[in-house]
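Engineer: Sequence below, structure please.
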Amino acid sequence: MSAGSTYERLLGESRNGGLEHADGGGAPSPPDPERLVAQLSDEVGRLEERLGRRADPVARERLMRGAEHALRKVVDDGDDARLDMRDMARLEAVVHSDGTRPVLFVEDDFVDVTAPAAANWAPSLSRIQAELRTVCRAVGRVDDPSALLGYQGTAWAIDDGVVVTNYHVLQAISTHPSRTDGEFGGELKPDVAVDFGAEVGGGPSNRAFRIGRVLGVGRAGAPEHAHPTIPGVNFDGLDLAVLELDRVNGRPFPAPVQVARGDDPATHGGLASRGRSVYIVGFPGSSASTSPDVFAELFAGVKGVKRLTPGVLTEGRGEVADDARHWIISHDASTLGGSSGSLVVDLEAEGRKVLGLHFAGVPDRVNWAHGLEGATPELAAVIPGW
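Structural biologist: The predicted structure follows:
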């Protein structure tokens, strides 16, 4: 297979002259395998220090050899490089550590901006530290005791005690799910909850709340608009569910995030535009991954912890093919299975407006999110006073 978007991200820094520059003229320089593998090794070593344990030595050696092999293919063949799934996984690992599209672990509601992998994004992330902390606190893991990994995806606070996730995440935490005209049919599984802690190393305790009821769901798409090759994806539908959490005495809900609205007179629904820098916060780690979870291969126990991944909107509202409703956007941030339900947040301006709800992707090609400016009427109909 072609290197696709992973190759684009790998060369993105040289094409664009770095994230802080817009000139970016000239042809991109080819990647330096030795330098990039050394950076990957350094990132693994840094994570070993943070976690207080060693990576699996066999998996680490396999990763390094595989990354160099895949990079050599890219250097030799460029855009024509033919890569198998293993090669793509190793290239994605390089992208996670070389500063172009890193995967950053959230700790104490923030990320380590001194990490080498964060270097290109550190100025932007540091500038919005207060807003980013608010966003990170508002993102929770959808826990399901009956699931193999113990959780099913990501949800985030949109109102006091109210969270948003994907409808397909709701399907996974319920029995006999169905939807008709925005109404949910089915029953929630026992003890499903949203945990707003769950960071690497344990994270803050006492941030979990049971899911009490379903307030509403997005509309199902017409069958004729179903994606021809990806089961469950339909751009005519809205893969969204709004859930109400049960209160716990003495335990406040996290403050809700701000959502970009299509009826905002200041922006006219145009924030989610091509080329806009964004970041995603969620809980990747399931086996159905859009991108391989390299860290989980090296360190047992890092699945299902909160992570932040920056990137760029590759298509804005109205630019995605077959999106007649203009409520789909695409991005190139690194995502994994479990990222379903994650929020896509504007990294520019104030760094706190939620632009989208991540819901699907094609491995190493594209990631899709619902542009919430396009779904404002559906959200307003479900959330009283929103």
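
Engineer: Can you list the low-confidence ranges for the stretch 51-200 of the chain?
Structural biologist: Across the stretch 51-200 of the chain, the ranges flagged by pLDDT under 70 are 79.

Engineer: all helices of it, in order?
Structural biologist: 57-77, 85-97, 122-127, 129-137, 167-172 (DSSP state H, counting those that start in this stretch).

Engineer: so who does A172 touch?
Structural biologist: 144, 147, 152-153 (CB atoms under 8 Å, 6 or more residues apart in numbering). For glycine as for every other residue, the C-beta is placed from the backbone atoms N, C-alpha and C.

Engineer: from those residues, which single one is nearest D109?
Structural biologist: Checking the contacts of A172 against D109 by CB to CB gives G153 as the nearest, at 20.0 Å.

Engineer: Who is the closest one paired with across the strands?
Structural biologist: V142 (DSSP bridges).

Engineer: Spit out the contact partners of it.
Structural biologist: G153 neighbours (CB under 8 Å, 6+ apart): 141-142, 165-166, 169, 172, 282-283, 338-341.

Engineer: Which two among those residues are spaced furthest apart?
Structural biologist: Most distant of the contacts of G153, by CB to CB, are A172 and G282, 15.0 Å apart.

Engineer: Domains in the protein, by residue range?
Structural biologist: 4-100, 125-382 (automatic domain parsing).

Engineer: one step back: can I get the contacts of A172 in JSON lines with distance to C136?
Structural biologist: Below are these laid out as JSON lines (distance: CB to CB, whole Å):
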{"residue": "D144", "distance to C136": "22"}
{"residue": "A147", "distance to C136": "23"}
{"residue": "Q152", "distance to C136": "20"}
{"residue": "G153", "distance to C136": "17"}
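
Engineer: now, among those, which is nearest to V74?
Structural biologist: G153 (32.4 Å).

Engineer: I383: which of the contacts of G153 is nearest?
Structural biologist: Nearest to I383 among the contacts of G153, with distances taken as CB to CB, is T165, at 13.7 Å.

Engineer: I'd assumed L36 was in a strand, is it?
Structural biologist: No: going by DSSP: H, G, I helix; E, B strand; the rest coil, the assignment for L36 is helix, not a strand.

Engineer: Neighbours of it, how many?
Structural biologist: Residue crowding around L36 was assessed by other CB atoms under 10 Å; the count is 21.

Engineer: ok, it to A55 distance?
Structural biologist: Going from L36 to A55 by CB to CB, to the nearest Å gives 18 Å.

Engineer: now do G153
Structural biologist: 27 Å.

Engineer: Repeat that for V248.
Structural biologist: Taken as CB to CB, the span from V248 to A55 is 37 Å.

Engineer: Have a look at the two and say which one is more surrounded.
Structural biologist: Just comparing V248 and A55: by other CB under 10 Å the higher neighbour count belongs to A55, 19 against 13.

Engineer: Contacts only, for that one.
Structural biologist: So A55 contacts 44, 47-48, 298-299 (CB under 8 Å, 6+ apart).

Engineer: Pull the number of nearby residues for the residue nearest to it when sequence neighbours are not counted.
Structural biologist: In this structure, A55 finds its nearest non-sequential neighbour in L298, 4.0 Å apart by CB to CB, 6 or more residues apart in numbering. Close neighbours of L298, defined as other CB under 10 Å, add up to 22.

Engineer: got it, and P102?
Structural biologist: By other CB under 10 Å, the burial measure for P102, its neighbour count, is 25.

Engineer: What about it? Give its phi and psi, please.
Structural biologist: According to degrees, to the nearest 10, the main-chain angles of P102 amount to phi -70, psi 160.

Engineer: Hmm, it is touching W121, no?
Structural biologist: Yes: counting by CB atoms under 8 Å, P102 touches W121, with 6.9 Å between them.

Engineer: Now the common contact residues for those two.
Structural biologist: P310.

Engineer: who are the neighbours in contact with Q171?
Structural biologist: P177.

Engineer: show me where the stretch 151-300 of the chain has strands.
Structural biologist: 151-159, 162-165, 174-180, 183-188, 193-195, 208-217, 241-245, 258-259, 277-282 (DSSP state E, counting those that start in this stretch).

Engineer: I'd like to know which of those strands is closest to D87.
Structural biologist: strand 277-282 (24.5 Å).

Engineer: How far away from the center of its chain is the closest one?
Structural biologist: 6 Å (CA atoms, centre = their mean, to the nearest Å).

Engineer: Partner strands of it, with direction?
Structural biologist: Strand 277-282 has these strand partners (DSSP bridges): strand 307-315 (antiparallel), strand 343-346 (antiparallel).
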